[in-house]
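1. What follows is a protein structure lacking sequence information:
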């Protein structure tokens, strides 16, 4: 009986850990990092900003007309808990759990640039660049689980300085200030996937829109979304 109980507990924990993963990375204007999304409970996502604040949680709504999803998540109707009055004021009142996934935060005893920011989402631990790091990315997420998050520095081309450079082994490149005005700063590649955009030399009205590639692309187990 004890062995059965232990096995069931192990399987439950394994399922929970498997369910919690960095699932999406979303960019605005096909250029600037907007948020990271963690899959925490079956189809439930938790979205956080690059500097560790929770934006929203819920499920994606798929359109009936093709592979299009509503930008805003549908409200999660399951159990959600919040930290009470008894905890550090840095995270008092913040969301504590969404379904089976627990969220923790850095308290006032931590480095000032971390106070109040997410420390973990489920089994994913997080760390941040400190105030002594490059100005282009200080305070932003540095580690998500075992993946290092790297940004372009303040000495890089102004079209992409401060923008997301890599997640783990997946590199991200952008069109530079030397490229056409309609595409400079836009994403050029994510991993091995290349994005081509219509320029100011193309038909009127097309400039800046995607010519080849997908706005929603799965690359290395993460879905990258360009809005």
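-> Sure, I can see it. Note that this is a predicted model, so its numbers are computed, not measured. Numbers count the residues shown, from 1 in each chain.

2. which residues in the protein form helices?
-> For the chain, the helices defined by DSSP state H occupy 2-19.

3. Name every strand pairing with the longest strand anywhere in it and say which way it goes.
-> For the chain, the strand with the greatest residue count under DSSP state E is strand 32-41. Strand pairing for strand 32-41, using DSSP bridges, gives strand 21-28 (antiparallel), strand 44-48 (antiparallel).

4. Dump the ones you listed into TSV; add mean neighbour count and mean pLDDT as well.
-> All C-beta spots, glycine's among them, are computed from the backbone N, C-alpha and C. Putting those into TSV (neighbours: other CB atoms under 10 Å; pLDDT from 0 to 100) gives the following:
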stretch	mean neighbour count	mean pLDDT
strand 21-28	18	96
strand 44-48	22	98
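
5. Looking at the ones you listed, which is nearest to residue 206?
-> Among these, strand 21-28 comes nearest to residue 206, with 20.0 Å by CB to CB.

6. got the strands paired with strand 32-41 as a markdown table, with distance to residue 202 columns?
-> Formatted as a markdown table, those follow (distance: least, CB to CB, whole Å):
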| stretch | distance to residue 202 |
| --- | --- |
| strand 21-28 | 22 |
| strand 44-48 | 34 |
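
7. Of the ones you listed, give the one that comes closest to residue 192.
-> strand 21-28 (16.0 Å).

8. Residue 58 against residue 44, yeah?
-> Yes: between residue 58 and residue 44 there is a contact under CB atoms under 8 Å: 6.8 Å.

9. residues shared between the contacts of those two?
-> By the contact definition CB atoms under 8 Å, 6 or more residues apart in numbering, residue 58 and residue 44 are jointly contacted by residue 76.

10. Spatially central residue for the chain, please.
-> Within the chain, one residue has its C-alpha closest to the average C-alpha position: by CA atoms, centre = their mean, that is residue 36, at 1.1 Å.

11. and stretch 130-146, which residues are buried?
-> 133, 136, 137, 138, 139, 140, 141, 142, 144, 145 (16 or more other CB atoms under 10 Å).

12. which other residues reach that stretch?
-> 22, 36, 50-52, 111-113, 123-129, 148-149, 151-154, 156, 161-162, 167-168.

13. roughly how far is it from the heart of the chain?
-> Chain-centre distance of stretch 130-146: 14 Å, with CA atoms, centre = their mean, to the nearest Å.

14. Ends of that stretch, what's the gap?
-> 18 Å (CA to CA, to the nearest Å).

15. Give me the below-cutoff pLDDT ranges for the chain.
-> Counting by pLDDT under 70, the ranges of the chain that qualify are 1-19, 66.

16. rerun that using 50 as the cut-off
-> Scanning the chain for pLDDT under 50 picks out 1-18.

17. In contact with the residue nearest to residue 85 when sequence neighbours are not counted, which residues?
-> Excluding its sequence neighbours, the residue lying closest to residue 85 (CB to CB, 6 or more residues apart in numbering) is residue 92, at 6.4 Å. Applying CB under 8 Å, 6+ apart to residue 92 gives the contacts 83, 84, 85.
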